[in-house]
Structures are given as structure tokens and as C-alpha cells.
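K.L.:
quick check, what structure comes out for this input:
(one chain, ligands or ions: 1)
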Amino acid sequence: MEDERSGLLSPTDIRALAAELHKRPTKTLGQNFVHDAGTVRRIVREAGVQPDDSVLEIGPGLGSLTLALLETGAAVSAVEIDPVLAGALPATIAAHMPEAGDRFAVQLMDAMDVSGPESLATPSSSQKTTLEPDILVANLPYNVAVPILLTLLERLPGLKRALVMVQAEVADRLAAGPGSRIYGVPSLKAAWYADVTRGSKVARTVFWPVPNVDSALVSFVRRPLRTSTPRETVFAVIDAAFAQRRKTLRAALSTWAGSGAQAEAILRAANVSPQARGEQLTIEDFIAIADAGRNFTAS
Ligand code: SAM
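P.N.:
Okay, here's the model as predicted:
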């Protein structure tokens, strides 16, 4: 079989590994393992991973995607919350792709606790003591995919690109543009960091166990920040605007601004109609509102 020749994990390998580790996949940790070599190769191809890339993988699980990433020649630093899975990974790499062992390292940690590149494990092949990942590639645990993604984009400024697999609905939300019904807080916060594009769909059948939601890829290309206004200030405006999604911005931002009249003045200064709703605005509009708000507070 192709999987056996290539060093990637086949469905039989996945079952055998899980049995050996007495691992029953848990829903709370979003443990749905990919058992299809074609899918993990497609993810790596869509991510455009190159041999000189330093890849961050969140939730390597049993190692399906990890092996496909290592197959490119790239270095991989992985973060896994499950001690049984994290502990077993080095042996899986050694058994299936021994030549890649020194390009791989895993850290037992909650991805939400990544504080910077120094908190990640560094493969022994690296010339540096700290490996700064330039690309994130992951099949994310679905219930915490958005917070993990936003946290990593914030704390790892060296990440230039990301390609992640998430619930299809979440991929749609992340990549949605203004005016769309599903455009909201995740779309805008992701747009603060990057240009976001919806990637291809992934069939449920490539997972074990089979999830009860559809999956899709979504890609991020970081772009430079266009403002000196702090992220927290802009995100506070976004959160306020969408906390009362159906209301006009004048009403939704009145508490944030201090009063309805003050919200209206700030919106007019930012060139945004007070009658508009948050779902009609771009990230640049929100930056303009936050900027105008700062000027009002300062004056
Ligand atoms: N990458 C593997 C694959 O494609 O087969 C597994 C993906 S599975 C959808 C998600 C993985 O993320 C699991 O291995 C799970 O234990 C891990 N995980 C869940 N929550 C996590 C967290 N907060 N930080 C790090 N890893 C987490």
C-alpha cells in the first residue's frame, strides 16, 4: 500500500497505535484523527510548506499530519495537550520516518499557553536555541479553534502564514467579508492579522472517529498592521458592535463611547454612518472608529 511505502499513517496504523496506547479519542479535546495519506498531503500542499520552513503544528495527535509535514524536509515543532499522545510521538516518528527525527520536537502544553517562540520545543537539527516558526499548519481541535488561532497570531509575530483545518462553518465565518450574514467577530479579528481565504472541503470519512460536522481548510497570510492604535482598543470596538448585532452602531457603541451622542460624534469623525451596523464595516472602518475614539478621549 502507498501509505506503508511512504511512511505516512494508514487507517490500520492509526487503529493499532490507538490500541497500543489504550487511547480512546475524546470529544472534549476534539480528537478526530486523519487516517488518509492523500488528505494530509493535500493539506501540506495547500499550505505550500517548503523544506526550509519552520512549521508549528498544534494538536499533532497520533502524528498523521506531522509525518506529512516532515516528508517535505521542513522542521516541525508541535504542541499537544494530551500527555499520552505527546509522549508517543517521538517513537512514531522514529518508526515511520527515522531520518526526520532530529527535525521534530514536541511540547506537552495547552496551545492557549504558548507565550512566544521560547515556549515551544526546538528540534535538535536547529542551529538556534529558539526556533521561530514561520508557518502554522494544523488540524485544530474544533471547539477551541478560533481562540487558539487568534492567540497564536498575536503571540507569534514570526508566523507569516497559516493553513488550518476547522469545522466548515468556522472556516466560512473566518473568511467572510462585510455584508455577509456570517460575518462577525472572528472574521474581523482574523482580518486584523491577515488576509483570509477559504480553502477546500475535507470529507468526514478521512477521520477516525467520523465527526458529525463538515471540515474545511482556511488559509491566512499575515499583512503588516496599518495603525498605531493598540489591538485591544480596536477589538473592544468590534466586541461592542457585535454584542448588539441588530442595533445601529450609534446604539451598540453608546456604552463604549460614554453616550449615544458621543458614539455618533466618534462615528461621524471616523466617516462611518451612525445608522450602519457592525456587519457592514471592514476592519479598516473599525480601526478608524477606534482611532477617532482615542482622539475624542484625548481632547
Ligand atoms: N493532527 C492530528 C490529525 O490530524 O490526525 C489530530 C487532530 S485532532 C482534530 C486535534 C488534536 O489537538 C488532538 O490531538 C488533541 O489532543 C489536541 N488538542 C486539543 N486541545 C488542545 C489544546 N488546547 N492545545 C494543544 N492541543 C490540543
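
K.L.:
burial measure for Arg268, as a count.
P.N.:
Per other C-beta atoms under 10 Å, the neighbour tally for Arg268 reads 13. Quick note: C-beta positions are derived from backbone N, CA and C, even for glycine.

K.L.:
and it, which helix or strand is it part of?
P.N.:
Using DSSP states H and E, Arg268 sits within helix 260-269.

K.L.:
equivalent analysis for Gly199, please.
P.N.:
Gly199 belongs to strand 194-202, assigned by DSSP H and E.

K.L.:
tell me how far that strand lies from the chain's centre.
P.N.:
11 Å (C-alpha atoms, centre = their mean, to the nearest Å).

K.L.:
each with direction, which strands does the very next helix or strand once past that strand pair with?
P.N.:
Downstream of strand 194-202, the next assigned helix or strand under DSSP H and E is strand 207-208. Paired strands of strand 207-208, with direction, are strand 33-34 (antiparallel) (DSSP bridges).

K.L.:
so the strand it pairs with, near the ligand or not?
P.N.:
Yes - Strand 33-34 is in contact with the ligand by C-beta under 6 Å from any ligand atom, via 33-34.

K.L.:
so for that strand, mean pLDDT?
P.N.:
Averaged across strand 33-34, the pLDDT comes to 97.

K.L.:
what ranges do the helices span in this structure?
P.N.:
Under the criterion DSSP state H, the chain contains helices at 2-6, 11-20, 37-47, 64-70, 83-96, 145-155, 168-175, 185-193, 231-243, 249-252, 254-257, 260-269, 283-298.

K.L.:
just name the most buried of those.
P.N.:
Each of the helices of the chain was scored by mean neighbour count; the highest is helix 64-70, a mean of 28, by mean count of other C-beta atoms under 10 Å.

K.L.:
pLDDT-wise, which helix or strand of this protein ranks last?
P.N.:
helix 2-6 (a mean of 52; mean pLDDT, DSSP states H and E).

K.L.:
picking up where we left off before, what's the average pLDDT for the helix holding Arg268?
P.N.:
The model assigns helix 260-269 a mean pLDDT of 97.

K.L.:
so which elements touch it?
P.N.:
helix 249-252, helix 254-257, helix 283-298 (3 or more C-beta pairs under 8 Å, 6 or more residues apart in numbering; DSSP states H and E).

K.L.:
same list (those) but as a markdown table, adding distance to the ligand.
P.N.:
Shown next, in a markdown table, are those (distance: least, C-beta to the nearest ligand atom, whole Å):
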| stretch | distance to the ligand |
| --- | --- |
| helix 249-252 | 32 |
| helix 254-257 | 31 |
| helix 283-298 | 26 |
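
K.L.:
where in this protein is pLDDT low?
P.N.:
For the chain, residues meeting the criterion pLDDT under 70 lie at 1-5, 297-299.

K.L.:
still on that earlier bit, can I get the strand holding Gly199 as CSV, trimmed to CA atoms?
P.N.:
Output in CSV follows, covering the C-alpha atoms of strand 194-202 (Å, rounded to 0.1, in the frame of the first residue of the first chain):
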residue,chain,number,x,y,z
ALA,A,194,-4.1,38.5,7.9
ASP,A,195,-5.7,38.1,4.5
VAL,A,196,-8.0,35.1,5.0
THR,A,197,-9.1,32.7,2.3
ARG,A,198,-11.4,29.7,2.5
GLY,A,199,-9.7,26.6,1.2
SER,A,200,-11.1,23.2,0.1
LYS,A,201,-13.6,20.9,1.9
VAL,A,202,-12.4,17.8,3.7
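
K.L.:
so which bits of it are buried?
P.N.:
Using 16 or more other C-beta atoms under 10 Å as the test for burial, strand 194-202 gives 194, 196, 198-199, 202.

K.L.:
that strand packs against which elements?
P.N.:
Going by 3+ C-beta pairs under 8 Å, 6+ apart, strand 194-202 lies up against helix 37-47, strand 161-167, helix 168-175, strand 215-222.

K.L.:
what about 7 Å?
P.N.:
Where contact means 3 or more C-beta pairs under 7 Å, 6 or more residues apart in numbering; DSSP states H and E, strand 194-202 is packed against helix 37-47, helix 168-175, strand 215-222.

K.L.:
Ser64 against Val40, yeah?
P.N.:
Yes - using C-beta atoms under 7 Å, Ser64 is in contact with Val40, at 5.2 Å.

K.L.:
now for those two: what residues contact both?
P.N.:
Val34 (C-beta atoms under 7 Å, 6 or more residues apart in numbering).

K.L.:
residues touching the residue in the chain that the ligand sits nearest to, list them.
P.N.:
Using C-beta to the nearest ligand atom, the closest approach of the chain to the ligand is made by Gly59 at 2.1 Å. Neighbouring residues of Gly59 by C-beta under 7 Å, 6+ apart: 80, 138-141.
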